[in-house]
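S.K.: What follows is a predicted structure for the sequence shown.
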Amino acid sequence: MSTDAPVAKPAAKTLIAGVGNIFLGDDGFGVEAVRRLGEHPLPDGVEVVDTGVRGVHLAYQMLDGYHTVLLVDAAARGSEPGTVHLLDATTPAPARPGATALDAHHMTPDAVLALLDTLSAGTGGRRPERVLVVGCEPADVTEGIGLSEPVDAAVDEAVRLILQLVGADEPTPAAAPATPQ
């Protein structure tokens with residue numbers, strides 16, 4: 001695991017959003033991670049949503065008074081497939097010259113974050129104080145349903161990291177079956 005951002009417990013109101021397209025192989029990482037995260041108890045004030053490809057909806061939701069937002073998504077960073085990264089995206093990256101303003105069908109987390117300032121000015125909402133991305137290096141994002149083996153194996157690691165970030169109890173390994181005597 002690569003950690004590019006410090007680990008700290010967020011304040012009360014936290015949004016965890018699974019992002020990605022389940023029809024593009026490993027791009028469905030974030031959706032699967034939040035599905036598995038839903039199997040664990042979470043502290044009060046922590047909300048988990050499967051945002052999928054609804055990036056504009058996610059941008060508006062992020063302005064609903066959350067202190068911390070954790071985006072969970074496939075994130076190509078040049079590592080081995082299945083590598084989990086923790087990135088601090090609190091400070092928005094500068095806009096690229098000539099970048100498309102809005103394409104609702106291709107709203108990556110970067111595009112969602114770039115849209116926040118525009119939306120907050122128009123709605124009176126406020127940006128989250130902290131935005132983290134729990135990303136996984138994809139192996140295959142071609143058309144097809146299902147995660148590759150290394151990315152599927154990384155989902156549980158991502159879930160443990162997210163539980164740690166929100167101050168939840170980490171899952172315990174499954175108990176070994178009892179041996180008959």
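M.R.: Structure received.
S.K.: Can you name every helix or strand that the longest helix seen in the chain contacts?
M.R.: In the chain, ranked by residue count with DSSP state H as the criterion, the top helix is helix 149-165. Packing partners of helix 149-165 (3 or more C-beta pairs under 8 Å, 6 or more residues apart in numbering; DSSP states H and E): helix 29-37, strand 68-74, strand 84-88, strand 130-136. From N, CA and C alone the C-beta is placed, and that goes for glycine too.
S.K.: for those, which one sits closest to residue 22?
M.R.: Checking the helices and strands packed on helix 149-165 against residue 22 by C-beta to C-beta gives helix 29-37 as the closest, at 5.4 Å.
S.K.: now for the closest one, which elements pack on it?
M.R.: Contacts defined by 3+ C-beta pairs under 8 Å, 6+ apart place helix 29-37 against strand 14-19, strand 46-52, strand 68-74, strand 130-136, helix 149-165.
S.K.: Pull out the buried positions in it.
M.R.: For helix 29-37, burial by neighbour count (16 or more other C-beta atoms under 10 Å) applies to 29, 30, 31, 32, 33, 34, 35, 37.
S.K.: Quick one: mean pLDDT for it?
M.R.: Average pLDDT, helix 29-37: 96.
S.K.: quick check: angle from that helix to strand 46-52?
M.R.: Per axes from the mean of the first three to the mean of the last three C-alpha atoms, to 10 degrees, the angle that helix 29-37 makes with strand 46-52 is 140 degrees.
S.K.: Hmm, residue 36 is touching residue 156, no?
M.R.: Yes - at 7.1 Å, residue 36 and residue 156 qualify as touching, with contact defined as C-beta atoms under 8 Å.
S.K.: Can you pull up the most central residue in this protein?
M.R.: Central residue of the chain (C-alpha atoms, centre = their mean): residue 72, 1.2 Å from the mean position.
S.K.: Done for today, thanks.
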